[in-house]
Structure formats: structure tokens, C-alpha cells
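>>> No letters, just coordinates:
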């Protein structure tokens, strides 16, 4: 069984083509986040301080997730990424509940 076929089954995708589109959305989102950080660091003096690095990692999570939904919408995969986001935040919620008790 090929890599894309395994992903198709895991993600419950309709076709291998859909798997490639999903992978493209993940790649574009990750590249956009890196590009965004480079733009900020190149244009703002305050972006070279340690607090920026710490803040960036906390703030990038919601930005990444919004970008994932945006690219998913543009490539016709919004439903997949909406379900993906819901599962992701359910897991984070369980993690916080586990550590708070």
C-alpha cells in the first residue's frame, strides 16, 4: 500500500487527488507562517528581542489554524480542515483538563 493510499484511508479522503490537495494545503500553510515570521523580523526592530520569539510561538497557533482553514477553503477542502481543527482543539482541551486536575 502506498503512502498516499494510507493517508487516504486515515483521513477518509475520497481519492488520492484529495490527499495531494490536503498535503498542498499543509505545505502552503507552513510556508506562509515561516514567510510571515521572516517579513516581521526583517521590518521591525522589536522582532529581534527574545520576547518576540516567545510571543511568536504562542500567537502563531491561532494564526496557523486560521490560515489552514483559509487555504482549505481556497482549495475546496474546508470541510476536511474544519473537522481536523475540531479534533485538534478537542485534544488540546483534554490535555489541559488532564494537567489541571
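Arrived safely. Just so it is clear, the structure is predicted and the values come from calculations on it, not from any experiment.
>>> now the top helix by length along the chain: mean pLDDT?
Assignment by DSSP state H gives helix 16-43 as the longest helix of the chain. Mean per-residue pLDDT for helix 16-43: 95.
>>> Give me the buried stretch members for the following helix or strand past that helix, please.
For helix 16-43, the following helix or strand on the C-terminal side (DSSP states H and E) is helix 50-74. Under the neighbour-count criterion of 16 or more other CB atoms under 10 Å, helix 50-74 has 52, 56, 65, 67-72 buried. All C-beta spots, glycine's among them, are computed from the backbone N, C-alpha and C.
>>> Hey, what's the angle from helix 50-74 to helix 16-43? Just curious.
Relative orientation of helix 50-74 versus helix 16-43 (axes from the mean of the first three to the mean of the last three CA atoms, to 10 degrees): 150 degrees.
>>> what residues does helix 50-74 touch?
25-26, 28-29, 32-33, 36-37, 40-41, 46, 78, 80-82, 84-85, 88 (CB atoms under 8 Å, 6 or more residues apart in numbering).
>>> One more: stretch 15-34?
4-5, 7-8, 11, 13, 60, 63-64, 67-68, 71-72, 75-77, 80-81.
>>> returning to what we had before: switch the buried residues of helix 50-74 over to TSV; also include pLDDT and distance to residue 20.
Formatted as TSV, the buried residues of helix 50-74 follow (pLDDT from 0 to 100; distance: CB to CB, whole Å):
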residue	pLDDT	distance to residue 20
52	88	35
56	89	30
65	95	22
67	97	19
68	97	16
69	97	19
70	98	19
71	98	14
72	98	14
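>>> nearest to residue 98, of these?
Proximity of the buried residues of helix 50-74 to residue 98 (CB to CB) peaks at residue 65, which lies at 21.2 Å.
>>> Quickly note the distance from residue 26 to residue 94.
Distance, residue 26 to residue 94, using CB to CB, to the nearest Å: 23 Å.
>>> Having no further points to raise, I will conclude here.
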